[in-house]
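Trainee: My questions concern the predicted model and sequence given below.
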Amino acid sequence: MHTDMFSYTVWIPLILLAAFLLVGLLSDKLKPLVAGLISTAAILLAAVLAYSAAAGYFFGAGLQDGHYTTLIPFEQLWLRFTDTLVIKMGILLDPISVMMLVVVTTVSAMVHIYSFGYMKGEKGFQRYYAFLSLFSFSMLGLVMATNLFQMYIFWELVGVSSYLLIGFYYQRPSAVAASKKAFIVTRFADLGFLIGILLLSYYTRTFDFMTLTQPNSGILSSAAGVSFMGASVLTWALVLIFMGGAGKSAMFPLHIWLPDAMEGPTPVSALIHAATMVVAGVYLVARLFAVYALGAPAALEVVAFIGAFTSLFAAIIAITQTDIKRVLAYSTISQIGYMMLALGVSGYGSEAGLGYTASMFHLFTHAMFKALLFLGAGAVIHAVHSNEMTDMGGLRKHLPITHFTFLIAALAISGIPPLAGFFSKDEILAAAHGHYPLYFWSGWFVAGLTAFYMFRLYFRVFWGEDRQYEHKPHDAPPSMAIALIFLALASVVVGFIPFSHYVSANGEPYTTHMHWQVAALSVAIAVAGIGLAAWMYLRPGTVADRLAAAMPGLYKWSKNKFYIDEIYLWVTRTLIFKGLAWPIAWFDRHVVDGTMNGMAWATAQVSEKIKGLQSGQLQQYAYAMVLGAVAFLLLLLYWGA
Amino acid sequence: MIEGIEVFDVLVVSTAMFFIGIYGFMVRKNLITILMSVELILNAVNINFVIFNKYLYPDMLQGYIFSLFVTGIAAAEAAVAIAIILNVYRHMKGIDVEQVDTMKY
Amino acid sequence: METATLLMMRNELSLLIVILLLLLVELFAGQGKRIPYIATGLFLVHTLLGFWPLPEGTLFGGMFRSSPLITIIKSVLNTGVLMLFMQAGSYLQKDSNRGKITEYYILTLATLLGMYFMISAGDFLMFYLGLELATIPLAALVAYNLSQMKSIEAGAKFILLAALASGIMLFGISLIYGATGSVYFADLAEQLQLSPMLFAALAFFLTGLGFKISLVPFHFWTADVYEGAPTSVAAYLSVISKGAAVFVLITLLFTVFEPLFAAWEILIYLMAVLTITIGNLFALRQQNMQRFLAFSSIAQAGFILLGVIAGTQYGMSTVIYFLLVYIFSNLGAFGVAAIVYNSSGKINIDDYRGFYQTNPKLSLVMLLSLFSLAGIPPVAGFFGKFFLFAAAAEKGYYWLVLIAVVNTIISLYYYLRVVRAMFLDRSEEPIGRIHSDVLTRLALAISVAGIVLAGVFSQVFDWIYTVSWGM
Amino acid sequence: MERFIFYFIAAIILVFSVLTVSSRRILRAAVYLLFVLLATAGFYFLLNYNFLAAVQLTVYSGGIVVLIVFAILLTAHLDHRLPKPNRLKAGFSGLLAVTGLVLTLFAISRFEFVRSPLVTEGPYNIEEIGTRLLSYGDYGYVLPFEVISVLLLAAMVAAIIVAKKSIKND
Amino acid sequence: MDRLSLLVWVPVITMIVISFFKDPKKVRLIAAAGMAVQLVQIILLMLAFFAERQAGNDAEMLFFKDIAWYSNLNIHYTVGIDGISLSLILLTGIVIFTGVFASWEITDRAQEFFITLILLATGVFGFFISLDLFTMFLFYELAVIPMYLLIGIWGSGPKEYSAMKLTLMLMGASALLLVGLLGIYFNSAPDGGPLTFNYIEISKIHLPEAVQYFFFPLTFVGFGVLAALYPFHTWSPDGHASAPTAVSMLHAGVLMKLGGYGALRIAVMLMPQAAHEMAWIFIILATIGAVYGALGAIAQKDLKYINAYSSVSHLGLILFATLIFNQVAFEGAVLQMISHGLITALFFALIGMIYSRTHTRNIYEMGGIMKVMPVLGTAYMVAGFASLGLPGFSAFVAEMTIFVGSFQNSALFVRVATILVISSIVITAVYILRAAAIMLYGPLRKQEFELLPDARWYDKVAVFILIGAIAGMGMFPNWLAEMIYTDFTPMFNRFIAN
């Protein structure tokens, strides 16, 4: 009954798929504008459907008997392995998927619109929109997945869309390298995801989220009961699945691809690498939260730890970066770390699941203001044709709209009330505090760092002196401005949504309360961060440089991102390529193949060596004959005796 | 039937002769002497046939006649062989067996 | 003795008549260019007559045997010889052969007659006579190319080694006679038993036949003789002479030497392994086409031993079937080699480079023949080899089969070398376009037809199988 | 008595056999071969196989040896001495021959020959042999007889074409 | 003429017709027409097959036809198909059809080329329809031998060496196989009765275990070599590198599947005990093959070498799956055969097309050619994505089926091997993207490439059909998977019963 109501939701991804196929296949035959319009129309339509679904779900059909149920309005068998292990393609509606629908379609729609201005005149405009549609399709498929395998499928598809979009400027070697890196790193993480799925499904005999997340179903007991190397198999499986999530969400140590992914067009960064795809990992853990929380709390600890560590780690790096998109990228990593942390510290239940709600809330708000930050950064880059902060300054006069919206976003991310970030961050910190104080303090410190680096960025870009610009920077064209303004509004507004009324770990709505101490502390440190940034960067001076000189070690490590890239390079280049691949190639050609050739060679050698037998000498032939006869005789006498 | 002589005694002689012939075949340098060795071999075979016939199976003439035929064939063989050997001589101006090795390996 | 029973020797008699007619032709018609046609025609008649089935039976107190199987093998040999004659015509019409064309036919047919008797022999005397009749004139044929030292040398090597081999074999026969008092096969089978002297007899006897079939280590003459002999004689040696000897070997082993199975099994096993391997190893390195085919035919003989050692009715029929196929294949290969040599004087494998450019049809014949020799489907050689392997496998000689099949890889290498020269390599100056005469082309066509059809149509094999009951 | 004659003949056969294959004068070797063949004939006489002995004398001694001598005369100078055989070759060949001899004799010695109780007093007369050769029943030899005649014919043809001068060259 | 034999006769007739024409233009048209007929025929066959199955015909083999051939060895010409062979026949039909288009530009001895090429395909078709081990073996060898000529005459690089190596190694394998088949045959009637080569008959009996232990390795290795079983895979890089485009396509696409199919259907299915006992050896080899091939591919410069090693890796997956003894894994093996066949054919087709333009296959000598050949470049990327197992393409379906299937075997050894094998998909991503990055992307490396033409119509035919098939199978996998899975059931039940 209720499910029928939502059966139209299947069209949300399908519209986008159709747009992708249409634009992608016709590609050059379409006028760029037409292609863009098709894609944009599709995403707008999808957004409308998504909003109506959200409305229908949250304010109507979703709430049954006091908690939000999971609805599956559409499901189709796709591939059958065994009787129970089947991959279905379906649509799953529950609070977080509906929320994600909204996020994805919203941000995506904004990016589509924004891109009209940003990508204008680019070669491959059609291709760009096709890829955007593909991405949106995949992302929606991912969030609405009804089972692990469907999720994995779309997981891979968003990965490839990301690859395609990062490498959009394929003639730029750095873009190509970045796209490759992004794909391979996430793919490596997905290996864990896949093995995790296989392991989990082997014991539970199902991929279905519905079945898996059923509390008290006992389905997890077999996996929880088997232990391997000190932990239950279920823990292993969930840690492996989390590995996939960590890869996609750029958790340490799999974060390295995300900063490089900034080689892609900026709107893409906003969409994929800030708002939607990178939070897929968070979404994944949230989706399986019941399994984590009920089946393997140890795995959840891993999530919390990785989240906390990553948020701190990335924030430290963000301080010293000079490429504005990279700052934002590390900021994203840091914020996603927050979300992970929140999930990790959450319990199962409504009130106990504050972390869960907080995580989703932050995901939601973050999507808005981080997309805004990126789009703003895009507008800046569009204006000055550079990513480097050193090439910027004093832009507030030239780009008033951008400046204003950017400021809102920066405040939001810094957690200044009453902007969106404040509320969600407050909940996260509160949840962390309830779980383990160290996480709280680290999160609190990160909040300060966040404010600092965001305003470092803000001040250096929009304040200070004008630089030598090639041509006068001009503000964003209308299409871009619309997106900026819309998102700015969202950043202001969404914080007031009573999120816990809609999203909770077990589906039961509840009400959260403001944690005043936590809020005060976090606002204080945010303000301190902003103040520090203002002190260091607002006035001309060399405070920052001196400070850097004072802590050369830390500065250098931070500036070089703790040399993680180098370690990876060493592992791949030296260990895998030089240490494994090349030796194997050599081994194959020379030893394995050499053996085969050697056999041929040996045969030829034997042939050469024995050619003397055929000496042309009559008497040697006779000798051989007699020898043969006598040898035969001897043989027979020997055997016969 | 020779008094006091057993089959084996004769066989010793013939076998020895046979192997002497074989030795000659393998060692002699001249094509004609090789042919002579062949004659020794055939002769040894003949003795075998004859002695078996005489001592063991005198009721029938199988060995006896066999040796007759062997003799005949030896002659035919010798004739053709010698014709060929003469041709070798015509080409090589010599019949040293070790020179007859233009084809090998 | 009735005349009717004498008809059991119809094959021999008609062949004898052909020989005599040719002698008459020699006397009265001189040495014309028409002789090849006359001889081929006469032999064609003889061949056709040969297909007329004959009753089973013996003549001359068991000295001469006849059975459907024997008739078949004779017909098989006839077919081979007929094709050979068709191919040989153009060679014989060369000036250097003037004055001895008829002799070629007479001698060839005399050896064929020898083989008939060898095959039909019911006692060792007939066998020996047949063998010698099949050998001595051959020496003259080998040395046929009198102007060439190689040919003479080949003749000398052949006759002397043949004499040695038959001498050794005779010694073996004499020991058998000594042990049993009879040279009649029918008597022997009952009387033989394992004893050291018979081991000696067996070893010596196998030396003689091994020489004929060119089994290792009695094979050394083969390459030199094939190389020196005229191509058609080499072909004759490799298919007809060898085929007859193989047949005799298998009949003798399974009739006369049946009681000594345990002994000769080892020897045949050993010889099979050695022959295949050594033949292949030497074939690898050959340049001269005839020499190459010589070693190839040695290796093929080794494969035949697989069917011999199986020693069943099935094994027997596979051997005969293989011989038939082998005749087609080898005559195809030799035929092309002969055509090339006679028209261009080229005999090395490297000379065949780019052969396909100029002579696509001939090179296809060669290709099919070589593939058949190598045992590649769907040509008949594949079936032949498969059946041989099956025959050996049936008796559990899996290791032997394994050795043999591994050897087929080596053999494939050298067969493909020729293919490579013909098809893959391009040459600046390939062998020119060759026009061969009608008979030769017909012979090659028969070869090809045989190669292609003998495998696909199982009736051929079935027929042989049915007939070989009376072995 | 006969025994001693046999020993004498055996000695001649063996000694001259060895000489045949070792003499370095080729014509002498031929003569030694003749002695061997004659001694063999003597042996046949001793066995009372007179016809066979006669054939041995005529065909072997009279035919083959004469043929060989002719060939020698055509191909070699009379005072020519063959070079000494290669030591290695002779050594190996000798070793092989002796091994073969020992093995063969060993094999033969293990066989118990049963002497026939029948004591047919030869000599077979020529008539009997002739009848045998021309009869076609059991143990009749007309077929081999015919075959060998074909063989001889063929051998003759063979010898002729080989002996013919090659047209092109000479 | 029965329906299945037509699969052999159509190519044969095509060859005969081709032999009357010399002009390359006509020849290729005839070849294309013939193969089109063949493809249509296969599709009709599929429809008929489904109709039969729908109608409830659950015989193991449909369109069964049996003609006695060599009676004394009990050799028959027996044909019949089930879903497994049918799907591989479809694969072959597609690959040979596109292969003709990929060979469109061949003018040197075109007549001979197409005849030999189609001869090869004939062998493959024959192999897949055969149910008689002898006939099967015959067709198997028939399919291998034309390779020699095809590579040797129309190949490039050290073609003669490669052709010889390939032929010898494959024939060497078939030598082992021959012994294996004979062994099976002569033990096919343990309780007396006539011996048989008939696959169905043999699969019903229980071969003595001692026999299995001797002949299973021979048979498995015999087929395995063709499926690039480590360490007998070395013919494959050289062979593929030297082969002309269509031949590489057919060889990697179809011929190597003969090995996988045989290893599964004959070696494993007929000798289950030995397979079970000895599986660990071959699992190790297959795992090495899967990982090692992928790693080896990273270090290659030549596109064809990359793809050849990639094939080693993917075929390793197939062989691996055949040794898990699980119906899902078996199904996965077959799916992977089809999937890899299509993908690798596409790869080789594209490599051939690119090579014919740039005259190099060294990725370092290219660079940025996406700009001048967007269609080919995009297609190459599609092939790459398909190859690295992206959802939506066939390889994903196949690989996941294998992985899920393999994971059902909970032995620690198998599990470790499975995880290693799964890890190969990451390495696959590395070499695929590496090659693409170097070759397609970045600035155009050579100015003379600026003028190179993009895909011509016949190129597009080949490429689009293959992409269509890959994507079709990737997006709607279940009908194929169900068909294969269902048709494995009787076989698998016997397997379990044994």
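Mentor: Everything's here; your move.
Trainee: got the contact list for the single nearest residue of chain D relative to chain B?
Mentor: Going by C-beta to the nearest C-beta, chain B is nearest to D:V21 of chain D, at 3.1 Å. (Glycine included, C-beta is placed from N, CA and C.) For D:V21, the contact set (C-beta atoms under 8 Å, 6 or more residues apart in numbering or on different chains) comprises B:I20, B:G21, B:Y23, B:G24, B:V27, B:R28, B:T33, B:M36, B:S37, B:L40, D:A29.
Trainee: which of those residues are close to chain A?
Mentor: Of the residues in the contacts of D:V21, proximity to chain A by C-beta under 8 Å from any C-beta of the partner chain holds for B:V27.
Trainee: Just the buried ones out of the contacts of D:V21, please.
Mentor: B:I20, B:G21, B:Y23, B:G24, B:V27, B:R28, B:T33, B:M36, B:S37, B:L40, D:A29 (16 or more other C-beta atoms under 10 Å in any protein chain shown).
Trainee: from those, which is closest to chain A?
Mentor: Out of the buried ones among the contacts of D:V21, the member with the shortest distance to chain A (by C-beta to the nearest C-beta) is B:V27, at 7.1 Å.
Trainee: what about the residue of chain D closest to chain B, which helix or strand?
Mentor: Element membership for D:V21, per DSSP states H and E: helix D:2-22.
Trainee: Give the next helix or strand downstream of that helix.
Mentor: helix D:26-46.
Trainee: Check whether that next one comes near chain B.
Mentor: Yes: interface with chain B: helix D:26-46 contributes D:I26, D:A29, D:A30, D:L33, D:V36, D:L37, D:T40, D:F43, D:Y44, D:L46 (C-beta under 8 Å from any C-beta).
Trainee: If you count contacts, what does that helix end up packed against?
Mentor: With contacts taken as 3 or more C-beta pairs under 8 Å, 6 or more residues apart in numbering or on different chains; DSSP states H and E, helix D:26-46 sits against helix B:31-55, helix D:2-22, helix D:50-55, helix D:65-75.
Trainee: can you list those helices in a markdown table and add mean pLDDT?
Mentor: Formatted as a markdown table, the helices and strands packed on helix D:26-46 follow (pLDDT from 0 to 100):
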| stretch | mean pLDDT |
| --- | --- |
| helix B:31-55 | 91 |
| helix D:2-22 | 91 |
| helix D:50-55 | 88 |
| helix D:65-75 | 88 |
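Trainee: buried stuff in the helix or strand D:S149 falls within?
Mentor: Assigned by DSSP H and E, D:S149 belongs to helix D:142-163. Residues of helix D:142-163 classed as buried: D:142-148, D:150-155, D:157-159, D:161-163 (neighbour count, 16+ other C-beta under 10 Å).
Trainee: What distance do you get for A:K181 to chain E?
Mentor: 9 Å (C-beta to the nearest C-beta, to the nearest Å).
Trainee: ok, now which ones touch that residue?
Mentor: Here A:K181 is in contact with A:I256, A:W257, A:D260 (C-beta under 8 Å, 6+ apart).
Trainee: Relative to E:L451, how far out is it?
Mentor: 33 Å (C-beta to C-beta, to the nearest Å).
Trainee: sorry, back to before: how much space separates the nearest residue to the residue of chain D closest to chain B once chain neighbours are set aside from A:F369?
Mentor: Nearest residue to D:V21, sequence neighbours excluded (C-beta to C-beta, 6 or more residues apart in numbering or on different chains): B:G24, at 3.1 Å. Applying C-beta to C-beta, the value for B:G24 to A:F369 is 112 Å.
Trainee: before we move on, what about A:E263?
Mentor: From A:E263 to A:F369 the distance is 23 Å (C-beta to C-beta).
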